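Undergrad: based on what follows, work out the 3D shape:
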Amino acid sequence: RVLFRSTLILKRIPHNSFYSKTLNGIFSTKKIKLYSQNQIYNLSLFFEEDVIECEFKVNKLPKEILSEAKRLLPNSNYIGFSITQGNKYRKKSWSIYKFTALANKILSKNKGNVSKNREGLVALLSDTIESARKKAESSLMSHGNGIRTARSISEFQDTLIKIIYEFIVQNVYSPEDQKNIDKICLVAVGGYGRGTLAPFSDIDLLFLHSNKLNSWTESVIEYMLYILWDLGFKVGHATRNLDQCLELSKSDLTIRTSILEARYVHGYKDLYEKLVKRFNTEIVAKTADEFIEMKLDERDKRHSTYGASRFLVEPNVKESKGGLRDLHTLFWIGKYLFRTQALDDLTKNDQFLTSSELNSFKKAEDFLWVVRCHLHFISNRDNEVLTFDKQLELASRLGYAKRPGQKDVERFMKHYFMTAKEVGNLTR
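TA: Down below sits the predicted model:
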């Protein structure tokens, strides 16, 4: 529970990876304002049972706030803090409550045993992940919006990854000399980079580092991957520095596409910003024609593999012709040509999509995401194929009713095929 959220004045503190992005919105809040100034940083002070959140600017030392917090919580042990430059309070989709207090109990119980600490953290987070999936499914049934569900799952994954990383660097492999460590930036790529995730999708992560890998960096990354694997996630991962990312993207289309969709999650943001800047100037600016040709060729090969018709009796929602991947390919080409960040930007002056085409794109994308998310939930795993038995279940789940001469499943699949045809109209 948060005792208060105040606006305070503090000495400016440099942002780095050892100050986690504050977990704003994770805790219920009772606001008590002390005095107000322009916001620069967010601060969270963690105690065994409580969290105090503040915003601050300059001139007041953190220890003075800590003293004030200890005065308010005389019987609670101080655990640690997190600081970031960030936006104002924003409620998250799910609550990971009392994490710090429970993590502290794990650390106290295991007394530095790295393996036991990992087991304890996995046990702590497993129930939270299961609860989050159930809430995502309930929300999808309630509002019926596929994109909204996929984005909220991605946001939850962001929070989870930040928590795991901070647990490691603050409690397991905290370096003695922070000045000489290798900087790490956690970057989402692939579908995760787009900010959309199906319930059981793979998590694609780039561990971007600044120098040659040292033992500390390798230990942190390895420990983090083991935790994610233990939690049941399938993780596609790469560990590279800036030069390696750029060099590999020249010859590998998959890597180039993943960097095109890269999104900052946590850590040293300057590394991410340098990657994006150099990628745009050294790769994208010189290879637009090549990228388009390779992507269209990749699409044709994929259609050959998964079926050249948009009317397959058991289609793959993601990879088949008329599926989500065709929409992704269209967006990748537009983004590569015009360096836009959002889909809506591609309609400026009808340079790539008209307003009507944009609406068709969004409508088709959301329907396919609705189908994909439900398919994952009813399969309880990563499943992209609409088999006959799943078609029957989805038709009922999505509320399709029988009509004279037409079954509910037939009406559902007709809607699916009409959407696939519309995707074809957009992408041919």
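Undergrad: helix/strand/coil for residue 198?
TA: With DSSP: H, G, I helix; E, B strand; the rest coil as the basis, the three-state label of residue 198 is coil.
Undergrad: thought it was touching residue 381?
TA: No: applying Cβ atoms under 8 Å as the test, residue 198 and residue 381 come out as separate, 10.6 Å apart. To be clear about C-beta, it is placed using only N, CA and C from the backbone, and glycine gets the same treatment.
Undergrad: between the two, point out the one with more neighbours.
TA: Legend: neighbour count by other Cβ atoms under 10 Å for residue 198 and residue 381, higher for residue 198 (25 against 10).
Undergrad: next up, phi/psi of that one, please.
TA: When quoted as degrees, to the nearest 10, the phi and psi of residue 198 stand at phi -80, psi 160.
Undergrad: check contacts around it.
TA: Taking Cβ atoms under 8 Å, 6 or more residues apart in numbering as the contact definition, residue 198 lies against 150, 153, 191, 369, 372, 373, 376, 382.
Undergrad: which one is the first one nearest to, not counting chain neighbours?
TA: I take that to be residue 150. Closest residue to residue 150 apart from its sequence neighbours, by Cβ to Cβ, 6 or more residues apart in numbering: residue 196 at 3.8 Å.
Undergrad: burial measure for residue 296, as a count.
TA: That count, for residue 296 with other Cβ under 10 Å as the rule, works out to 13.
Undergrad: can you pull the contacts of it?
TA: Counting by Cβ under 8 Å, 6+ apart, residue 296 touches residue 329.
Undergrad: quick one: it and residue 289, what's the gap?
TA: 11 Å (Cβ to Cβ, to the nearest Å).
Undergrad: where in the stretch 201-350 of the chain is pLDDT low?
TA: Scanning the stretch 201-350 of the chain for pLDDT under 70 picks out 349.
Undergrad: okay, helices next: where are they in the stretch 151-300 of the chain?
TA: With DSSP state H, counting those that start in this stretch as the criterion, the stretch 151-300 of the chain has helices at 190-193, 215-230, 242-251, 253-260, 269-282, 288-306.
Undergrad: dump the ones you listed to a markdown table, plus distance to residue 118.
TA: What follows is these, written out as a markdown table (distance: least, Cβ to Cβ, whole Å):
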| stretch | distance to residue 118 |
| --- | --- |
| helix 190-193 | 23 |
| helix 215-230 | 6 |
| helix 242-251 | 28 |
| helix 253-260 | 28 |
| helix 269-282 | 26 |
| helix 288-306 | 38 |
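Undergrad: quick one: which of the ones you listed is nearest residue 396?
TA: Among those, the nearest to residue 396 by Cβ to Cβ is helix 288-306 (26.2 Å).
Undergrad: ok so, going back, deepest-packed of the helices of the stretch 151-300 of the chain, please.
TA: Across these, the average number of neighbours (mean count of other Cβ atoms under 10 Å) peaks for helix 190-193, which reaches a mean of 23.
Undergrad: alpha carbons of that one, as CSV, please.
TA: Extracted in CSV, the C-alpha atoms of helix 190-193 (Å, rounded to 0.1, in the frame of the first residue of the first chain):
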residue,chain,number,x,y,z
GLY,A,190,9.4,-8.6,-32.9
GLY,A,191,5.8,-8.6,-32.0
TYR,A,192,6.7,-7.6,-28.5
GLY,A,193,8.5,-4.6,-30.0
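Undergrad: cool, thanks, talk later.
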